[in-house]
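Novice: Pasting the sequence and the predicted model now:
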Amino acid sequence: MDIFTQKVTKPSEVEQKISTEQMRMLYQNLPLNTLFHLTAGFILCVLLWTKSDHRLLLVWLAAVGMIALLKLGSYFYFRANKEKHITRYWNWVFGIGAFVTGIMWGLAGVILVPHEALRYELFVGFIIAGMAMGAVPVLSSVKEVYYSFALAADLPYIAHMLSHESDIYVAVAIIHCLFLLLMLVMANRMNKLIKESLLLRFYNVDLVDKLQGEVLSHRQTEEKLRENEQRLSALANASFEGIVLHHDGIIIEANRGICEMTDFPVDELTGSPVAAIISKSCHDDVMAYIKNPTNLPLEAEACRKDGSCFPIEIRAGFAPYRGELLAFVVLRDITHYKELLKTQAMARLKAEEADLSKTEFLAAVSHELRTPLNAVMGFTQLLHDTSLNDEQQQHLSVIYQSGEQLLHLINDLLDLSRIESGRFDLDIVSFDLRSELNHVLSLMSLKLADNNNMIRVAFADDLPELIEADRLRLRQILINVLGNAIKFTENGEIEFSVYIEGERLIFTIKDSGKGIPEDKLDFIFGKFNQVDSSVSRQHGGTGLGLAISKRLVEVMKGTISVSSKLGGGAVFRVDLPLIKNDISSEQLTIDKPAHELLLKSAETKSLNILLVEDDKTNQMIALAMLKKFGHNITVVENGQHAVDLCQDKNQFQLIFMDIQMPVMDGITATQQLRQQGVSIPIIAMTANAMTGDREFYLKAGMNDYISKPIFTDALRIILEHYSRS
């Protein structure tokens, strides 16, 4: 009668030995397993450090470390007291530790990764799946322990993926469900194999003991050995992996798994070379690996009987049998694993394409919005200088302010899109810190007056004269945070402090407004989020200012935080790395476009200006503004006319060039003029305002850049710069 199917034939002491050995197998790899989890946790925190909340990462890593210490403590307690408690007790202790460890990794996939950061969420899911797969041989000796770990680690991640509405997240969740089911089935089968192997081991020990006390015939001994070989064969055939025994590369035994993989029957494989089931493209590498196997697996390709190939992972080695070493090769079909990697790569590519499409769409929308906005803002400025009564002037001011708000919103959306797409570069320059801070304060003076607020300024004495940073982005951050403080403070006081802590530059803005609820402190840094989003809210705004400021600070490798309580105001803190410049401000030469320079009064002269613009409305606005400053203007509708005109009579001192025009665009026209030796200054005048546009125009041969809508002050500064005598 088969001892594997007849439980009554198993002596109780053998069952006890099997249980004890299963327990010992759990604990023997515990230190290494614990070290692996600690290392993996540390690496995960390092990778997510710039994307997740630092405190949350540290708390999670500390919890993982505490669990690791408790598991190590149970390991040493087990070694000292393993005879004191029954097997069930130790299995429970280990199972609880595995479950808690699984929970921590499950939570890692839910709380540590930023929301909808797909590539990081996929990476964490890949780690969890790898741990579930790697735990199969380690924890399957007691399958309940493996179940507790795998389910605790993977189910929270799957639920998190399903909580997203995107199809790719649902697909990843489904793949993880199938993978988890496969791992549970494998663990169950591995558990059966381990039990059968231990039963065979202890049964053989028991058999040997009996043979020492009894004289058995040679025939009986051979029969028992034959039964044992059959059982070993059954174990090999039960494996999902393909196994072959070979002698000098010639197959002498093959299990059912390799037959199912390759569609070759056993009789055809027996006596054939191992190379017969290996693709010719990797034949030499596989044969060299089989002769000198290592601890690491080898990826290769196997061939089916019909000639088709599929990816495999190979392990090779030698096993003692009847006093000699048998060479074996284990092949694992990794087609599913490769398809999963391909799916992840395609998902990543689609996400990148989506980001690019979004950026291009916003750039197009920005251009189309700026064109009519140029008309609104331009004619508003022109009307402002005409004879109007007080009511008309007031209406005109409202139109102008509304246009400014719309332009600010467009710029915010573009900034947010560029940052999120990863196509945002900082422009690091040296500048006078105190001068820039005073400029920011002067820009905010009107808002302070409108809300009847006072501002107290405290700049530390040890602030460096010059620093290196992105000057415009630093200004944008401070204006956003100061503007937020002013907006939510009425008839109050705002404190603006700047000082140094170590190698960090600290800015603090404290207001005396109504404060922020504690549960909203992180919420306010989200896109389009506002503390009061009701229809009756008092203050306007889109909720983008702080979101953009947070992302700009992070790009600059800094942090921004807020502390507040209701009724007690709020304190914003911006922490940026401090990079000093030791040269004096007198030695500093900064390359700025003309429209960013504050020019001192200088004598100017009337210029002959060529205006290249196809849009009739924009022609009217630019022509009116330029004539207002006393210059002579010639208008053409495309770049080809501009090139022809400069060839016929080159009497112009300045060219304002639109970019998008029919027949010939502004870039092509500029390049042709430069190739013909025309050195007239060319100013790009365009609605394109994406990062890198100005640099592209300068590289094409233009001298400066002014964006639409056009402001008279910016236009005046450029004209003064190029008309100074």
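Specialist: Everything's here; your move. Numbers count the residues shown, from 1 in each chain.
Novice: secondary structure element for Gly65?
Specialist: helix 54-81 (DSSP states H and E).
Novice: and that helix, how far from the chain's centre?
Specialist: Centre-to-centre, helix 54-81 and its host chain are 29 Å apart (C-alpha atoms, centre = their mean, to the nearest Å).
Novice: which helices and strands does it pack with?
Specialist: On a contact count with 3 or more C-beta pairs under 8 Å, 6 or more residues apart in numbering; DSSP states H and E, helix 54-81 meets helix 30-48, helix 87-107. C-beta coordinates here come from the backbone N, C-alpha and C atoms, glycine included.
Novice: any idea how this protein splits into domains?
Specialist: Using automatic domain parsing, the domain parsing of the chain gives 7-213, 239-333, 346-421, 428-581, 594-723.
Novice: and the residue nearest to Gly65 when sequence neighbours are not counted, what does it touch?
Specialist: Sequence neighbours aside, Leu38 is the residue nearest to Gly65 in space, at 6.4 Å (criterion: C-beta to C-beta, 6 or more residues apart in numbering). Neighbour list for Leu38: Val64, Gly65, Ala68 [criterion: C-beta atoms under 8 Å, 6 or more residues apart in numbering].
Novice: any idea which of those has the most stuff around it?
Specialist: Counting neighbours by other C-beta atoms under 10 Å, Val64 comes out on top of those with 23 neighbours.
Novice: OK, contacts around it?
Specialist: Counting by C-beta under 8 Å, 6+ apart, Val64 touches His37, Leu38, Gly41, Thr101, Met104.
Novice: by contact count, what packs against whichever strand or helix holds Lys550?
Specialist: Here Lys550 is covered by helix 545-555, with elements defined by DSSP H and E. On a contact count with 3+ C-beta pairs under 8 Å, 6+ apart, helix 545-555 meets helix 390-421, helix 471-487, strand 559-564, strand 570-577.
Novice: got the CA coordinates for it in PDB?
Specialist: This file holds the C-alpha atoms of helix 545-555, laid out as PDB (Å, rounded to 0.1, in the frame of the first residue of the first chain):
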ATOM      1  CA  GLY A 545      -0.100  79.000  -6.400                       C
ATOM      2  CA  LEU A 546       1.000  76.800  -3.400                       C
ATOM      3  CA  ALA A 547       0.900  73.600  -5.500                       C
ATOM      4  CA  ILE A 548       3.400  75.200  -8.000                       C
ATOM      5  CA  SER A 549       5.500  76.600  -5.200                       C
ATOM      6  CA  LYS A 550       5.800  73.200  -3.600                       C
ATOM      7  CA  ARG A 551       6.900  71.600  -6.800                       C
ATOM      8  CA  LEU A 552       9.300  74.400  -7.600                       C
ATOM      9  CA  VAL A 553      10.900  74.100  -4.200                       C
ATOM     10  CA  GLU A 554      11.300  70.300  -4.600                       C
ATOM     11  CA  VAL A 555      12.900  70.800  -8.100                       C
END
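Novice: before we move on, the earlier item: now the domains of the chain in CSV, with distance to Glu339 and mean pLDDT?
Specialist: Below are the domains of the chain laid out as CSV (distance: least, C-beta to C-beta, whole Å; pLDDT from 0 to 100):
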stretch, distance to Glu339, mean pLDDT
domain 7-213, 9, 76
domain 239-333, 10, 83
domain 346-421, 10, 71
domain 428-581, 35, 79
domain 594-723, 38, 80
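Novice: So which of those is nearest Leu340?
Specialist: Among those, the nearest to Leu340 by C-beta to C-beta is domain 7-213 (6.3 Å).
Novice: how far out from the middle of the chain is the closest one?
Specialist: Mean C-alpha position of domain 7-213 versus that of the full chain (C-alpha atoms, centre = their mean) differs by 27 Å.
Novice: Distance check, Ile633 against Ile655.
Specialist: Distance, Ile633 to Ile655, using C-beta to C-beta, to the nearest Å: 11 Å.
Novice: that older thread, same list (the contacts of Leu38) but as a markdown table, adding distance to Pro709.
Specialist: A markdown table is the format used below for the contacts of Leu38 (distance: C-beta to C-beta, whole Å):
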| residue | distance to Pro709 |
| --- | --- |
| Val64 | 55 |
| Gly65 | 57 |
| Ala68 | 61 |
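Novice: of these, closest to Pro320?
Specialist: Ala68 (36.2 Å).
Novice: Just give the closest residue to the closest one, not the sequence neighbours.
Specialist: The shortest distance from Ala68 to any non-neighbouring residue, by C-beta to C-beta, 6+ apart, is to Thr34 (4.7 Å).
Novice: and the one you found, what does it touch?
Specialist: Thr34 touches Ala68, Lys71, Leu72, Tyr75, counting by C-beta under 8 Å, 6+ apart.
Novice: coming back round to it: among the helices and strands packed on helix 54-81, which is the most enclosed?
Specialist: helix 87-107 (a mean of 19; mean count of other C-beta atoms under 10 Å).
Novice: Packing partners of it?
Specialist: Using 3+ C-beta pairs under 8 Å, 6+ apart as the test, helix 87-107 ends up in contact with helix 12-28, helix 30-48, helix 54-81, helix 118-139, helix 143-162.
Novice: Tell me what angle that helix forms with helix 54-81.
Specialist: 170 degrees (axes from the mean of the first three to the mean of the last three C-alpha atoms, to 10 degrees).
Novice: Tell me where the longest strand sits in this protein.
Specialist: For the chain, the longest strand by residue count, based on DSSP state E, is strand 309-321.
Novice: Okay, buried residues for it please.
Specialist: Buried residues in strand 309-321, counting neighbours by 16 or more other C-beta atoms under 10 Å, are found at Pro311, Ile312, Ile314, Arg315, Ala316.
Novice: got it, and stretch 333-343?
Specialist: Buried positions in stretch 333-343, judged by neighbour count with 16+ other C-beta under 10 Å: Asp333, Ile334, Tyr337, Leu340.
Novice: And stretch 454-465, by the same measure?
Specialist: Ile455, Leu463, Pro464.
Novice: Could you check how many residues crowd around the nearest residue to Asn491 once chain neighbours are set aside?
Specialist: The spatial neighbour of Asn491 that comes closest, neighbours along the chain excluded (C-beta to C-beta, 6+ apart), is Asn452 at 4.7 Å. Counted with other C-beta under 10 Å, residues neighbouring Asn452 total 10.
Novice: Ile494 now?
Specialist: Around Ile494 there are 22 residues (other C-beta under 10 Å).
Novice: The helix or strand where it lies - contacts with which helices or strands?
Specialist: Assigned by DSSP H and E, Ile494 belongs to strand 493-501. Packed against strand 493-501 by the contact rule (3+ C-beta pairs under 8 Å, 6+ apart) you find helix 433-450, strand 454-459, helix 471-487, strand 504-510.
Novice: let's see it at 6 Å
Specialist: strand 454-459, strand 504-510 (3 or more C-beta pairs under 6 Å, 6 or more residues apart in numbering; DSSP states H and E).
Novice: Now render those strands as JSON lines, adding distance to Arg88.
Specialist: Listed next are the helices and strands packed on strand 493-501 as JSON lines, based on distance: least, C-beta to C-beta, whole Å:
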{"stretch": "strand 454-459", "distance to Arg88": "68"}
{"stretch": "strand 504-510", "distance to Arg88": "56"}
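Novice: Nearest to Tyr157 among these would be which one?
Specialist: Here strand 504-510 is closest among those (C-beta to C-beta), at 36.0 Å.
Novice: Just the buried positions in that closest one, please.
Specialist: Leu505, Ile506, Phe507, Thr508, Ile509, Lys510.
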